[in-house]
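In: Sequence and predicted structure below; questions after.
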Amino acid sequence: MMLKRLLLFTVTCLLFVSCSDDPSTFTDEPPELPPVTSMDVNMSTLTGSTHAKSATTQSNDHYIQAVFRAGIIKKVIDTNLLTPKNLLMAAGDTVAQLNDKQQWEWNYSYTANTGDFAVRLVAERVASSIVNWSFFVTADHLELENHLLFGGTTKNGGQQGTWTHNSLQDPENAQQLSEINWSIPEEEQVELRLDIFSDRSVAAGSYIDYSVDGADKSVEYYDAGEDTITIIAWNADTKAGSVIAPDINSGEKACWDEQQENVSCSE
């Protein structure tokens with residue numbers, strides 16, 4: 001009796017795995033593209049506030065100092081994520097086709113400030129809820145042909161995954177510039193970690209942690225070259241927030257209110 005139960009359990013498990021991981025379900029229609037928010041550290045509600053002052057005063061210097069440091073963080077983000085994010089966004093305007101390898105493929109063009117790119121995005125399922133993504137670019141002005149600019153893996157229906165960004169230089173010895181690990185369990189919940197592997201924008205070993213929970217946002221930036229950490233938190237609706245940095249308020253938490261005026265952090 002025990003042997004029969006074991007055999008029945010084994011057959012049931014095999015049937016379940018077979019059905020849940022049936023390759024034909026992947027070729028019926030293309031997988032949903034990964035969310036653009038997986039590459040997006042959006043600080044526009046902080047840096048683009050309509051209440052921003054044009055000059056630092058004693059009453060609003062906490063906010064101005066935070067905006068200044070957010071600008072530094074944004075440069076690091078754009079250097080590593082702007083082009084990959086734009087390529088991912090552009091894929092949404094293209095219809096995917098099955099290639100000879102039974103992979104879904106998007107082919108389209110993208111124009112950047114530096115020139116034109118022909119993009120080939122390939123999606124390959126490796127398990128029932130795991131998809132590998134590869135963005136290949138061809139660019140005559142950079143002498144690139146079918147170069148893997150970045151790639152990654154999505155899991156759990158695109159709710160979490162990783163991205164790895166490679167250099168456009170020296171394609172035969174492609175250098176990894178950065179890596180993103182991200183999780184988006186809900187529409188307005190994001191956890192994203194950007195690790196820097198190259199000294200191109202900041203020292204290798206630097207990182208950015210970005211978190212969104214509804215209107216509450218925060219970003220933590222570690223500058224490996226200076227061995228310093230900056231933490232900025234703000235509310236996208238009220239615009240109130242705080243900053244912690246070694247050279248602001250003697251390293252203590254510094255806060256501002258809805259009018260960007262300095263306030264006690266206990267308020």
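Out: Done, it's in.
In: how near is I64 to G71?
Out: As judged by Cβ to Cβ, to the nearest Å, I64 and G71 stand 11 Å apart. All C-beta atoms are positioned from the backbone trio N, CA, C, and that covers glycine.
In: go on, T37?
Out: Distance from T37 to G71, by Cβ to Cβ: 21 Å.
In: And the helices in the stretch 151-267 of the chain, which stretches?
Out: With DSSP state H, counting those that start in this stretch as the definition, the stretch 151-267 of the chain shows no helices.
In: so who does S198 touch?
Out: Neighbour list for S198: S167, Q175, Q176, L177, S178, A204 [criterion: Cβ atoms under 8 Å, 6 or more residues apart in numbering].
In: Looking at T37 and G71, which has the bigger crowd around it?
Out: T37 (17 against 12; other Cβ atoms under 10 Å).
In: Return a PyMOL selection command for the buried portion of the contacts of S198.
Out: Only the buried entries of the contacts of S198 go into this PyMOL selection, using 16 or more other Cβ atoms under 10 Å:
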select buried, resi 167+177+178
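In: quick one: which of the contacts of S198 is nearest I130?
Out: Within the contacts of S198, the smallest distance to I130 is 21.0 Å, found for Q176 (Cβ to Cβ).
In: need the contact list for the residue lying closest to that closest one once chain neighbours are set aside.
Out: Leaving aside its sequence neighbours, Q176 sits nearest to F197 (Cβ to Cβ, 6 or more residues apart in numbering; 5.0 Å). By Cβ under 8 Å, 6+ apart, the contact list for F197 reads Q175, Q176, L177, S178, E179, A204.
In: what's the distance between the fifth one and T162?
Out: E179 is 7 Å from T162, where distance means Cβ to Cβ.
In: buried ones in stretch 41-49?
Out: Buried-residue list, stretch 41-49, by 16+ other Cβ under 10 Å: V41, N42, M43, T45, L46.
In: Please list the members of those that lie in helices.
Out: Under the assignment DSSP state H, the buried residues of stretch 41-49 contribute T45, L46 to helices.
In: residues touching G115, list them.
Out: Neighbours of G115 in contact, by Cβ under 8 Å, 6+ apart: A139, D140, H141, L142.
In: okay but the last one is in contact with L149, surely?
Out: This means L142. No - contact between L142 and L149 fails when scored by Cβ atoms under 8 Å: they sit 10.4 Å apart.
In: what sits in contact with each of the two?
Out: Common contact partners of L142 and L149 (Cβ under 8 Å, 6+ apart): L168.
In: burial measure for the residue lying closest to Q103 once chain neighbours are set aside, as a count.
Out: Spatial nearest neighbour of Q103, chain neighbours left out: E124 (4.8 Å); criterion: Cβ to Cβ, 6+ apart. Counted by other Cβ under 10 Å, the residues lying close to E124 total 18.
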